[in-house]
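J.: here's a sequence, model it:
(2 chains)
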Protein chains: 2
Amino acid sequence: MTAKDALNLVKEDVEKVEQFLKDDIKTSVHLINEVILYLLSSGGKRLRPVFLALSARMCGYKGENIPAMSAVIEYIHTATLLHDDIIDGAKYRRKCPTANSLYGNDVAVLCGDFLYSRSYITLTEYGAKQVQMILSSAALTMSEGEVIQLLKTGDINLTFDDYIQIITRKTAVLFSAACEIGGRLAEVSEDKIKALKNFGYYLGLGFQMTDDILDYMGNPEITGKKNGTDLFEGKLTLPVIKTLEKTNDSEKNIIAEIFKKKERNDDDLKVLKDIMIKYDIEKISEKTADEYINKSLNSLNVFEDNDYRKALIALALAMVGRIA
Amino acid sequence: MTAKDALNLVKEDVEKVEQFLKDDIKTSVHLINEVILYLLSSGGKRLRPVFLALSARMCGYKGENIPAMSAVIEYIHTATLLHDDIIDGAKYRRKCPTANSLYGNDVAVLCGDFLYSRSYITLTEYGAKQVQMILSSAALTMSEGEVIQLLKTGDINLTFDDYIQIITRKTAVLFSAACEIGGRLAEVSEDKIKALKNFGYYLGLGFQMTDDILDYMGNPEITGKKNGTDLFEGKLTLPVIKTLEKTNDSEKNIIAEIFKKKERNDDDLKVLKDIMIKYDIEKISEKTADEYINKSLNSLNVFEDNDYRKALIALALAMVGRIA
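T.: Residues are numbered from 1 along each chain as shown, chains lettered A, B, ... in the order given. This next block holds a predicted model:
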């Protein structure tokens, strides 16, 4: 199955999610509407709703709660991006100007707060207590992850385990929650719930690793992002950690000096990328991302084969750039 | 009954709230603990928990959920203050340095997000669906209020109705929610719930008006706040609105020019205060605040007289500086 076929399987669900989002965000404060509709319509791929819907459908769910639960996840995801962009001083996301650059930090902070509250209202209205707990805990964990990342900025002693801790919180918990909720909606057994949680968790890790590799190695024409964003923000990610495992002392010092600087520029990026190329870091990092994606796919073994399971596999592979 | 006697009535409840807060905020991220414990211990008066507890006890509540519900309200309140202080660039609150000035805006944004999520976890764990809805809606409304306030900054055409709309959202909804939840815990009739909602709502309005009057007229040695904060931040509040209702055209122009400036200083404050004194604005504003407090007190008429009711009245009067 191709990724396109996979998306087609839940096309109707995702359309309902879009409609739900439009109907659900209603406030008399025009500016909030404007900012949030801008954010929700600026190129997000609705990955989490897709995985939620496929997980639910794979488990035989026939109910109507996919749009509401997907909306809650998109609100939390969007609120997180909004506040992250403030912290990173980001000017663009997915080729569009960020809300903080268009509307100012003040409005962006408050619209993030609005989205968190909006998510809990919808969650209270449509979600069982267990699902409420999964998502509010995920949101809490995500804010912790951002603080850890902030504290570790520029720290070249960051270990691979530290990195996993950060991307678990930043990315994997919400993917894991999305897939788990798919299973919870369908009320499947706890071992299947566990399998879905693991699927989403390892998928999230593999996806974030791929994203972090692309940040150094991706073609900006395809990714829509300039190379080196993480470097410029002083964030140590998988390719740098893998590089530091390979380099000799003099190269280590060069990298340490780069991360010690108050600001980094394209020259620093070139120096770092040359070292990465020397040690074949792209391939080494991809191997690690692949390991996590394989763990993700293996989690699906407890499910009987059906089109939705095939679709989950196809999309998981597509997300890490492997042809499905 | 004096305000002190009133507080004594729920001393045990408030101590349990303090303990709950300490036990409930637990995260492996040390910095978040540090920031939040700093915030929760820096001179907050726990007004909302006091009103929640008194409302619940007045209605005969004997259960154990006052600490958890109070904690949720304190989390939301604290998260709001945290993000407001970022937006206002505030350096001090209650004589203590703000979190943004001590830890930076980044950490303050994320700790606010953490508190919102923490509030919803505790709310999901301890709150009935109805109470969850009351509090998540209150949080949503508060973020809307901040945006409206931001949009109206420096706008001298702000009407009294606009002002009520802003302080309703900023302050009154959370007081109203606290009192309503007291009644919901005790499972009283809907007319009593409505009375408690109104009590808290008008109390919140009166309290905010008093705060806004003190911002111009208060004795900094007593309030712990420098005069003129609202003016410096370009916020039009009750005393300015009342002043603009009284002044002649030339004075109106002077005030308009002051609010048009990019930044305002102590000289501007002096000019404005002199005009206020000329028109006896302190007394006029206090009269308006009193009207709202009277509405608040009248809402309690549906309840039989008991010590808790007396305490609510005593504290409501104390909050607007009237001797109980």
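J.: just the pLDDT for residue A:219.
T.: On the pLDDT scale, residue A:219 is placed at 88.
J.: let me see the contact set for it.
T.: By Cβ atoms under 8 Å, 6 or more residues apart in numbering or on different chains, the contact set of residue A:219 is empty. Bear in mind the C-beta positions are built from the backbone N, C-alpha and C, glycine included.
J.: and it, what are its phi and psi?
T.: With angles defined as degrees, to the nearest 10, residue A:219 sits at phi -90, psi 110.
J.: buried set for the helix or strand of chain A with the lowest mean pLDDT?
T.: None of the helices or strands of chain A scores lower by mean pLDDT, DSSP states H and E than helix A:220-223, at a mean of 81. The neighbour-count check on helix A:220-223 (16 or more other Cβ atoms under 10 Å in any protein chain shown) flags nothing as buried.
J.: same check on stretch A:150-167?
T.: Using 16+ other Cβ under 10 Å as the test for burial, stretch A:150-167 gives A:150, A:152, A:154, A:156, A:158, A:162-167.
J.: go on, stretch A:115-134?
T.: By neighbour count on 16+ other Cβ under 10 Å, the buried set for stretch A:115-134 is A:115-124, A:126-127, A:131-134.
J.: how many neighbours does the residue in the stretch 201-324 of chain A positioned nearest to chain B have?
T.: Chain B sits closest to residue A:233 of the stretch 201-324 of chain A, with a gap of 11.5 Å, by Cβ to the nearest Cβ. By the criterion of other Cβ atoms under 10 Å in any protein chain shown, residue A:233 has 16 neighbours.
J.: next, work out how far apart it and residue A:242 are.
T.: Using Cβ to Cβ, to the nearest Å, one gets 19 Å for the distance from residue A:233 to residue A:242.
J.: and the residue in the stretch 151-300 of chain A that chain B sits nearest to, what does it touch?
T.: Closest approach between the stretch 151-300 of chain A and chain B, counting by Cβ to the nearest Cβ: residue A:151, at 6.3 Å. Taking Cβ under 8 Å, 6+ apart, we find residue A:151 in contact with residue B:31.
J.: let's see that with 10 Å instead.
T.: A:166, B:29-31, B:107 (Cβ atoms under 10 Å, 6 or more residues apart in numbering or on different chains).
J.: out of those, which end up buried?
T.: Neighbour counting with 16+ other Cβ under 10 Å marks A:166, B:29, B:31, B:107 as buried within the contacts of residue A:151.
J.: for the second one, which non-adjacent residue is spatially closest?
T.: In other words, residue B:29. Closest residue to residue B:29 in three dimensions, ignoring its sequence neighbours and counting by Cβ to Cβ, 6 or more residues apart in numbering or on different chains: residue A:144, at 4.8 Å.
J.: the third one too?
T.: Using Cβ to Cβ, 6+ apart and skipping residues adjacent in sequence, the residue nearest residue B:31 is residue A:147, 5.9 Å away.
J.: now for the one you found, how many residues are close by?
T.: Count around residue A:147 with other Cβ under 10 Å applied: 25.
J.: you'd agree residue A:228 is up against residue A:268?
T.: Yes - using Cβ atoms under 10 Å, residue A:228 is in contact with residue A:268, at 8.1 Å.
J.: now the least confident helix or strand of chain A, how far from the chain's geometric center?
T.: On the basis of Cα atoms, centre = their mean, to the nearest Å, helix A:220-223 is displaced by 18 Å from the centre of the chain it belongs to.
J.: quick one on the thing from earlier: can I assume the residue of the stretch 201-324 of chain A closest to chain B is in contact with residue A:88?
T.: Yes - counting by Cβ under 10 Å, residue A:88 is a contact partner of residue A:233 at 5.3 Å.
J.: intersection of neighbour lists for those two?
T.: By Cβ under 10 Å, 6+ apart, residue A:233 and residue A:88 have these common neighbours: residue A:149.
J.: do the helix or strand encompassing residue A:77 and chain B meet at all?
T.: Taking DSSP states H and E as the definition, residue A:77 sits inside helix A:66-88. Yes - Helix A:66-88 is in contact with chain B by Cβ under 10 Å from any Cβ of the partner chain, via A:76, A:79-80, A:82-84, A:86-88.
J.: kindly indicate which of the buried ones among the contacts of residue A:151 lies nearest residue B:97.
T.: Nearest to residue B:97 out of the buried ones among the contacts of residue A:151 is residue B:107 (Cβ to Cβ; 13.2 Å).
J.: which residues sit in contact with the closest one?
T.: By Cβ under 10 Å, 6+ apart, the residues touching residue B:107 are A:87, A:146-147, A:150-151, B:31-32, B:34-35, B:82, B:99-100.
J.: run the last query once more with 7 Å
T.: Residues near residue B:107 by Cβ atoms under 7 Å, 6 or more residues apart in numbering or on different chains: A:147, A:150, B:31, B:35.
J.: separation between the second one and residue B:138?
T.: Counting by Cβ to Cβ, the separation of residue A:150 from residue B:138 is 29 Å.
J.: same deal with the first one?
T.: Computed as Cβ to Cβ, the residue A:147 to residue B:138 distance reads 26 Å.
J.: next: the last one.
T.: In this structure, residue B:35 lies at 23 Å from residue B:138, with Cβ to Cβ as the measure.
J.: now do the helices in the stretch 51-200 of chain A.
T.: In the stretch 51-200 of chain A, the helices defined using DSSP state H, counting those that start in this stretch lie at A:66-88, A:99-103, A:105-126, A:129-151, A:160-167, A:173-186, A:190-217.
J.: deepest-packed of those, please.
T.: Of these, the one with the most neighbours on average (mean count of other Cβ atoms under 10 Å in any protein chain shown) is helix A:173-186, at a mean of 27.
J.: can that one be found next to chain B?
T.: No - using Cβ under 7 Å from any Cβ of the partner chain, helix A:173-186 never reaches chain B; the gap is at least 11.5 Å.
J.: what's in contact with that helix?
T.: A:48, A:51-52, A:55-56, A:59-61, A:63, A:65, A:69, A:73, A:76-77, A:130-131, A:134-135, A:138, A:141-142, A:192-193, A:196-197, A:199-201, A:203-204.
J.: for stretch A:131-147, same thing?
T.: The contact list for stretch A:131-147, computed with Cβ under 7 Å, 6+ apart, reads A:69, A:72, A:76, A:80, A:84, A:116, A:120, A:123-124, A:166, A:169-170, A:173-174, A:177, A:180-181, A:184, B:27, B:29, B:31-32, B:107, B:110, B:113-114, B:117-118, B:120-121, B:124.
J.: near chain B, which residues of the stretch 1-150 of chain A?
T.: Checking the stretch 1-150 of chain A against chain B by Cβ under 7 Å from any Cβ, the hits are A:27, A:29, A:31-32, A:83, A:86-87, A:106-107, A:109-110, A:113-114, A:116-118, A:120-121, A:124, A:129, A:132-133, A:136-137, A:139-140, A:143-144, A:146-148, A:150.
J.: so where is chain A shaky, pLDDT-wise?
T.: A:322-324 (pLDDT under 70).
J.: now the residue sitting nearest the centre point of it. Nearest residue, chain neighbours left out?
T.: Nearest to the geometric centre of chain A sits residue A:171, at 4.3 Å (Cα atoms, centre = their mean). Closest residue to residue A:171 apart from its sequence neighbours, by Cβ to Cβ, 6+ apart: residue A:208 at 4.1 Å.
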